[in-house]
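Peer 1: Structure for the following, please:
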Amino acid sequence: MDGRETFERSLGSLFTSAFTAGLEIGISFFMILSAFALLSGMLPSHYAIVLASLFYPIGFIIVVIGQSLLFTEQTSLLSLPVLNKIEPLHKLLRLWGIVIAGNVVGGCLFAALMIGLGLNMQLFSVSDIVAYAEHILGFRWWVIFGSAILAGWMMGVTAWLVTSARDTLSRIVLVTLITGSIGFLGLHHSIVGNIEIFSALLYGNTVSLARYLLFLAVILVGNTVGGVVFVAVLKNRTFLFDIAKVKEETAKDKPNEGNNINSRINTRRPY
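Peer 2: Here you go, the predicted structure:
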């Protein structure tokens with residue numbers, strides 16, 4: 001039902017929400033980079049990165065509680081109506097494309113403006129940006145792909161649990177625990193990773209455009225596989241009874257809309 005609501009939104013609304021999420025998720029990287037620059041002068045680089053990753057959940061909390069559209073969060077949810085033949089595949093692909101485009105454009109804009117601001121505020125340096133990017137890129141492509149699958153799986157579980165949570169505090173705790181684990185393990189998240197590597201492309205000299213695009217493509221596919229296969233497909237059979245109810249509601253939507261309008265007209269009091 002949550003996935004169906006997204007399918008019913010206008011394309012402009014979807015892109016704006018996804019663009020906002022791309023901006024908001026950049027706050028995580030801004031905080032991580034600032035902490036990394038501070039800690040790297042006192043600790044070995046590896047420990048500085050691990051401790052800085054404690055700030056990883058901040059942007060995700062803002063996105064989830066603010067109800068913006070983040071691709072890795074929506075991957076599994078949006079595929080559920082398609083898996084259960086409520087919505088067509090082409091609409092899902094269009095939605096994914098819009099959300100990815102909004103997230104990536106918003107993230108790139110954040111990198112261009114806010115990371116540049118952080119450099120001028122001397123919160124971190126270009127060498128810090130490059131060092132962090134090389135830490136992210138310093139694996140073979142199949143390792144990055146596997147890491148992205150696990151990250152997509154964990155983000156799909158996050159979306160599943162957050163949708164089931166009853167209050168804001170529970171959602172914050174869930175998001176903090178799971179995304180904090182992603183950051184601590186150094187897993188590859190496509191939307192945060194986009195900002196991390198694009199920042200190095202803009203301000204450093206070790207990341208080429210081809211390297212950035214290849215990295216982005218690999219982790220986008222990996223996150224999608226993790227969210228769809230390990231969450232949507234495997235968990236899909238756990239609520240078949242609810243899906244049957246949703247299908248019935250969908251079939252009744254159009255006649256009910258007409259009846260509701262007539263009911264409002266008939267029950268309105270004359271003045």
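
Peer 1: Tell me, how many residues neighbour residue 151?
Peer 2: Residue 151: 28 surrounding residues under other C-beta atoms under 10 Å. Backbone N, C-alpha and C define where each C-beta goes, glycine included.

Peer 1: no, scratch that, I was asking about residue 6
Peer 2: 18.

Peer 1: And for the one 5 residues further on?
Peer 2: The local packing count at residue 11 equals 10, with neighbours defined by other C-beta under 10 Å.

Peer 1: With residue 21 instead?
Peer 2: Around residue 21 there are 29 residues (other C-beta under 10 Å).

Peer 1: excluding its backbone neighbours, what's nearest it?
Peer 2: residue 68 (3.6 Å; C-beta to C-beta, 6 or more residues apart in numbering).

Peer 1: Now that neighbour, what are its backbone angles?
Peer 2: Main-chain dihedrals, residue 68, degrees, to the nearest 10: phi -80, psi 160.

Peer 1: how far out from the middle of the chain is stretch 135-148?
Peer 2: Mean-position distance between stretch 135-148 and its chain equals 18 Å (C-alpha atoms, centre = their mean, to the nearest Å).

Peer 1: thinking again about what came up before, what sits against the residue nearest to residue 21?
Peer 2: 17, 18, 20, 21, 24, 62 (C-beta atoms under 8 Å, 6 or more residues apart in numbering).

Peer 1: Highest neighbour count among those residues?
Peer 2: Most surrounded of the contacts of residue 68: other C-beta under 10 Å gives residue 21, at 29 neighbours.

Peer 1: so residue 130 touches residue 200, yeah?
Peer 2: Yes - counting by C-beta atoms under 8 Å, residue 200 is a contact partner of residue 130 at 5.5 Å.

Peer 1: Now the common contact residues for these two.
Peer 2: Common neighbours of residue 130 and residue 200 (C-beta under 8 Å, 6+ apart) are 206, 207.

Peer 1: who has more neighbours, those two?
Peer 2: residue 200 (25 against 17).

Peer 1: where does residue 124 land in three-state SS?
Peer 2: coil (DSSP: H, G, I helix; E, B strand; the rest coil).

Peer 1: typed the wrong thing, it's residue 206
Peer 2: Strictly by three-state DSSP, residue 206 counts as coil.

Peer 1: give the contact list for the residue lying closest to it once chain neighbours are set aside.
Peer 2: Among residues not flanking residue 206 along the chain, residue 130 sits closest, at 5.6 Å (C-beta to C-beta, 6+ apart). Residue 130 sits next to 200, 203, 204, 205, 206, 207 when contact means C-beta under 8 Å, 6+ apart.

Peer 1: cool, and residue 17?
Peer 2: Contacts of residue 17 (C-beta under 8 Å, 6+ apart): 9, 67, 68, 69, 102.

Peer 1: Now compare those residues and name the two farthest from each other.
Peer 2: 67 and 102 (14.1 Å; C-beta to C-beta).

Peer 1: What residues sit buried inside stretch 70-88?
Peer 2: Buried residues in stretch 70-88, defined by neighbour count with 16 or more other C-beta atoms under 10 Å: 70-84, 86-87.

Peer 1: pull the CA atoms of that stretch into CSV?
Peer 2: Only the C-alpha atoms of stretch 70-88 are listed here, as CSV (Å, rounded to 0.1, in the frame of the first residue of the first chain):
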residue,chain,number,x,y,z
LEU,A,70,15.7,7.9,-1.6
PHE,A,71,16.4,5.3,-4.3
THR,A,72,17.8,2.6,-2.0
GLU,A,73,15.0,3.0,0.4
GLN,A,74,12.3,2.9,-2.3
THR,A,75,13.9,0.0,-4.4
SER,A,76,12.2,-2.8,-2.6
LEU,A,77,8.9,-1.0,-1.7
LEU,A,78,8.3,0.1,-5.3
SER,A,79,8.9,-3.3,-6.7
LEU,A,80,6.2,-5.0,-4.4
PRO,A,81,3.2,-3.7,-6.4
VAL,A,82,4.9,-4.9,-9.6
LEU,A,83,5.7,-8.4,-8.2
ASN,A,84,2.1,-8.7,-7.2
LYS,A,85,0.8,-7.6,-10.6
ILE,A,86,-0.9,-4.4,-9.2
GLU,A,87,1.3,-2.0,-11.2
PRO,A,88,3.1,-2.6,-14.6
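
Peer 1: Thank you, goodbye.
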